[in-house]
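> Please work out how this folds:
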Amino acid sequence: MKYTKIIIQLIIAVVALILILETVFKVKETEQVVITQFGKPIGEAKITPGLKIKVPFIQKTNYFEKRYMEWDGDPNQVPTKDKKFIFVEAYARWQITDPLQFFKRLTDERGAISRLADILDGETRDYIANHNLEEVVRSVNRVPASSGSFGEEVGDTLSDITEGRLKIQEMILLSANEKASDLGIIILDVRLKRLNYVTEVQTQVYERMISERFRIAEKFRSEGQGEASKINGERERDLKTIQSVAYRKAEEIRGQADARATAIYAAAYNQSAASRDLYNFVKSMETFEKTFDTTTTVILSTKSELYKYLIDFQ
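Residues are numbered from 1 along each chain as shown. The predicted model follows:
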């Protein structure tokens, strides 16, 4: 009897413990709970932390996250308004604001992720397809600072945008929240995480960039050749000017020297007969020295001054 009583007490204790565990449940600060009975929600959601009570075995607790959660989209190929195909990868942050409505419409977080993908991918595709690529990439109108690279052209290659990337993200967020208004959730933020050209367009873009670089290089090469021709022309002109001035100066000096020599000759000739004879004699001797040597044969007239001096030497 003693052992039987102990066993009965243990059974009662175990049953009581099971009943307590099935009746009482704990809600954490980061959780919210929806109670269901035979699969249907009963009463209001439990959103305040603490110990709560439910009907054991019949009712079931469904826990949902109260904190912010993330949605990370897959890359999608999207055409822009200006017919440029790009890969777009977006992400979002969302939160369950009405756990009861959330359970009725989406059941669990996996269902919510799937529904968010449908909403956000669709809205992202629609808004990007209605804007040009520059609107999707850029956020503000500004003139980019020059990096100092050779051939870089700044300021005239960017067109003005009217909305920009930040505005497009805000419009996607607003439209997505309108479509998710009856799901018991709120989308807190949407961002375009990554944008890139598709492979075919990347090749075309690289080829266009290379062609643009070649065009800029050819432009600078042409300007350099023009400047070189200008410098060479100025050099030739300056050289001819210098040569002309130098030739004129040389002719002036030569003329002055000839005039001075002529004046000296005239002055010497106009001196006395003796002086003239001496002068003639000296000039004749200079001529002899420069003209004749021991092997020279000459034929002179008897009227020649040189002949006269030769006769006098005999």
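
> For the stretch 151-300 of the chain, just list every one of the helices.
164-179, 199-269, 273-291 (DSSP state H, counting those that start in this stretch).

> do you know which of these lies nearest residue 32?
helix 164-179 (20.0 Å; CB to CB). Every residue, glycine included, has its C-beta placed from N, CA and C.

> Which neighbouring elements make contact with that closest one?
helix 109-129, helix 133-137, strand 185-197 (3 or more CB pairs under 8 Å, 6 or more residues apart in numbering; DSSP states H and E).

> Of those, which is nearest residue 78?
helix 109-129 (5.0 Å).

> that older thread, kindly reformat the helices of the stretch 151-300 of the chain as a markdown table containing mean neighbour count.
Formatted as a markdown table, the helices of the stretch 151-300 of the chain follow (neighbours: other CB atoms under 10 Å):
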| stretch | mean neighbour count |
| --- | --- |
| helix 164-179 | 17 |
| helix 199-269 | 10 |
| helix 273-291 | 12 |
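
> now those as TSV including mean pLDDT?
Shown next, in TSV, are the helices of the stretch 151-300 of the chain (pLDDT from 0 to 100):
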stretch	mean pLDDT
helix 164-179	93
helix 199-269	83
helix 273-291	68
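
> closest one to residue 94 among those helices?
helix 164-179 (9.4 Å).

> ok and the closest one relative to strand 185-197, angle-wise?
Going by axes from the mean of the first three to the mean of the last three CA atoms, to 10 degrees, helix 164-179 is angled at 140 degrees with respect to strand 185-197.

> Measure how helix 164-179 sits relative to helix 109-129, angle-wise.
130 degrees.

> just how off-centre is helix 164-179 within its chain?
28 Å (CA atoms, centre = their mean, to the nearest Å).

> Under the pLDDT cut-off, which ranges of the stretch 1-150 of the chain? List them.
By pLDDT under 70, the low-scoring segments of the stretch 1-150 of the chain are 1-2, 143-150.

> which stretches of it form helices?
Going by DSSP H, counting those that start in this stretch, the stretch 1-150 of the chain shows helices at 2-23, 99-106, 109-129, 133-137.

> Please identify which of these is closest to residue 72.
helix 109-129 (9.3 Å).

> Mind giving me the packing neighbours of the closest one?
Using 3+ CB pairs under 8 Å, 6+ apart: helix 109-129 touches strand 69-72, strand 76-79, strand 85-96, helix 99-106, helix 164-179, strand 185-197.

> okay if I get the ones you listed as JSON lines plus distance to residue 297?
Formatted as JSON lines, these follow (distance: least, CB to CB, whole Å):
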{"stretch": "strand 69-72", "distance to residue 297": "119"}
{"stretch": "strand 76-79", "distance to residue 297": "109"}
{"stretch": "strand 85-96", "distance to residue 297": "106"}
{"stretch": "helix 99-106", "distance to residue 297": "136"}
{"stretch": "helix 164-179", "distance to residue 297": "109"}
{"stretch": "strand 185-197", "distance to residue 297": "101"}
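
> mind checking which of those is nearest residue 33?
helix 99-106 (7.4 Å).

> For that closest one, name the packing helices and strands.
So helix 99-106, by 3+ CB pairs under 8 Å, 6+ apart, packs with strand 31-37, strand 40-41, strand 59-65, helix 109-129.

> and the second one, what other elements does it pack with?
What that stands for is strand 40-41. Going by 3+ CB pairs under 8 Å, 6+ apart, strand 40-41 lies up against helix 99-106.

> quick one: the helix it packs on to strand 59-65, angle?
Using the same axes, to 10 degrees: helix 99-106 against strand 59-65 is 90 degrees.
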